[in-house]
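Novice: Coordinates for the following, if possible.
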Amino acid sequence: MNWIDYLPRDGDVQNSDRADSLACGSFSAVHIAESLMMYKYGQPWYFSERALAKLSGTTPHGNTLQNIVWAINKYGLMYDEEWPIPDKFTWERFYQDIPKYTINKCFKFKATLNPLTKAQVPQALETAPVWTIIPTSGGTNHIVEQISLTQYFDSYQILIKDFQSNFQPLSYWQLLIEPILMTNAKLTNNKGEWGFFIPATQESTLIDKALNLGYPLPTKNNGVNVDWDNTKADLTIS
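Specialist: The predicted structure follows:
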């Protein structure tokens, strides 16, 4: 399968004329997530590469695949508009701390990572773009969203490129990123107004479900409990 029709279209790049975020791992991981969501739901989704780069602990030496997968599983992904790439691109500004209330807007995802051999790549591409590490002319490694057997999507310049004979991939990885969906939601009809009722019997469950809906609740005790004194229901069902 060729994933070219499901590529992200937001145009975010990892570098500018002022600095390089060295976050190719986070950019390509988000691009894979966006491609998978586009394929599954038929509409574009734009997540913040900058947020993932920060939450996964990117340094001036880059990052590891494992750190990025860990951050997706721990925090999830947030909309690009919640933590966009700054206009004045410097290392300090790009990697400034993210406020907790912004982190709480992340949508929950489950990410799994498995190594692939070159022979396994064609079959893996039937399921998802491949997370592929390639060498660069500067002697460093670069990781990209591989969209077919011969092409990849490059976050450094936002271009579809052909693999070059003198820069063949060093390793291949299957990165699967799936949204954690609610399974016990009920479709409701309140006098002609349709919606969903999502029951939760524990505070921790309610907090998690609210985050998945992009509706963070006020909390206390470092996010462990709901701050009921400052929580108001939008609708009370009797």
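Novice: Next secondary structure element downstream of the helix or strand bottoming out on mean pLDDT in the chain?
Specialist: Across the helices and strands of the chain, mean confidence by mean pLDDT, DSSP states H and E is lowest for helix 203-212: a mean of 76. With elements assigned by DSSP states H and E, the helix or strand that comes after helix 203-212 is strand 219-220.
Novice: other SSEs contacting whichever helix or strand comes after that following strand?
Specialist: Using DSSP H and E, the helix or strand that follows strand 219-220 towards the C-terminus is strand 225-226. Strand 225-226 is packed against helix 203-212, strand 219-220, with contacts defined by 3 or more Cβ pairs under 8 Å, 6 or more residues apart in numbering; DSSP states H and E. C-beta here means a position set from N, CA and C on the backbone, and glycine is covered the same way.
Novice: Strand 225-226 pairs with which strands, and in what direction?
Specialist: strand 219-220 (antiparallel) (DSSP bridges).
Novice: how far does the partner strand sit from the chain's center?
Specialist: Distance, stretch centre to chain centre, for strand 219-220: 26 Å (Cα atoms, centre = their mean, to the nearest Å).
Novice: again, but for stretch 221-232
Specialist: With Cα atoms, centre = their mean as the basis, the mean position of stretch 221-232 lies at 27 Å from the chain mean.
Novice: and it, how far apart are its ends?
Specialist: End-to-end distance for stretch 221-232: 19 Å, by Cα to Cα, to the nearest Å.
Novice: Name the residues that touch that stretch?
Specialist: 100, 104, 203-204, 206-207, 217-220 (Cβ atoms under 8 Å, 6 or more residues apart in numbering).
Novice: what's the closest residue to residue 72 other than its chain neighbours sitting at in phi/psi?
Specialist: Nearest in space to residue 72, with sequence neighbours left out and distances taken as Cβ to Cβ, 6 or more residues apart in numbering, is residue 111 at 4.1 Å. Main-chain dihedrals, residue 111, degrees, to the nearest 10: phi -120, psi 140.
Novice: Just give me the neighbour total for residue 111.
Specialist: Each residue near residue 111 was counted by other Cβ atoms under 10 Å, and the total is 20.
Novice: Kindly report the same for residue 66.
Specialist: Neighbours of residue 66 under the rule other Cβ under 10 Å: 10.
Novice: now it: how far from residue 198?
Specialist: As judged by Cβ to Cβ, to the nearest Å, residue 66 and residue 198 stand 32 Å apart.
Novice: Repeat that for residue 6.
Specialist: Relative to residue 198, and taking Cβ to Cβ, residue 6 is found at 29 Å.
Novice: neighbour count winner among those two?
Specialist: residue 6 (20 against 16).
Novice: Domains in the chain, by residue range?
Specialist: 3-179, 186-230 (automatic domain parsing).
Novice: Show me what the mean pLDDT comes to for the first one.
Specialist: Averaging the model's pLDDT scores along domain 3-179 yields 91.
Novice: how about the strands of this protein, start to end?
Specialist: Here the chain has its strands, by DSSP state E, at 109-116, 130-135, 141-146, 151-154, 159-162, 171-179, 186-190, 193-197, 219-220, 225-226.
Novice: Now render the ones you listed as TSV, adding distance to residue 23.
Specialist: Conversion of the strands of the chain to TSV gives the following (distance: least, Cβ to Cβ, whole Å):
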stretch	distance to residue 23
strand 109-116	16
strand 130-135	14
strand 141-146	10
strand 151-154	13
strand 159-162	17
strand 171-179	15
strand 186-190	40
strand 193-197	36
strand 219-220	29
strand 225-226	34
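Novice: among those strands, which is the most enclosed?
Specialist: Comparing the strands of the chain by mean neighbour count (mean count of other Cβ atoms under 10 Å), strand 141-146 ranks first with a mean of 24.
Novice: can I get the CA coordinates of that strand in CSV?
Specialist: Coordinates of the C-alpha atoms in strand 141-146 are reproduced here as CSV (Å, rounded to 0.1, in the frame of the first residue of the first chain):
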residue,chain,number,x,y,z
ASN,A,141,20.8,9.3,11.6
HIS,A,142,17.3,10.6,10.6
ILE,A,143,14.0,8.9,11.1
VAL,A,144,11.1,9.3,8.7
GLU,A,145,7.6,8.1,7.8
GLN,A,146,8.1,5.5,5.0
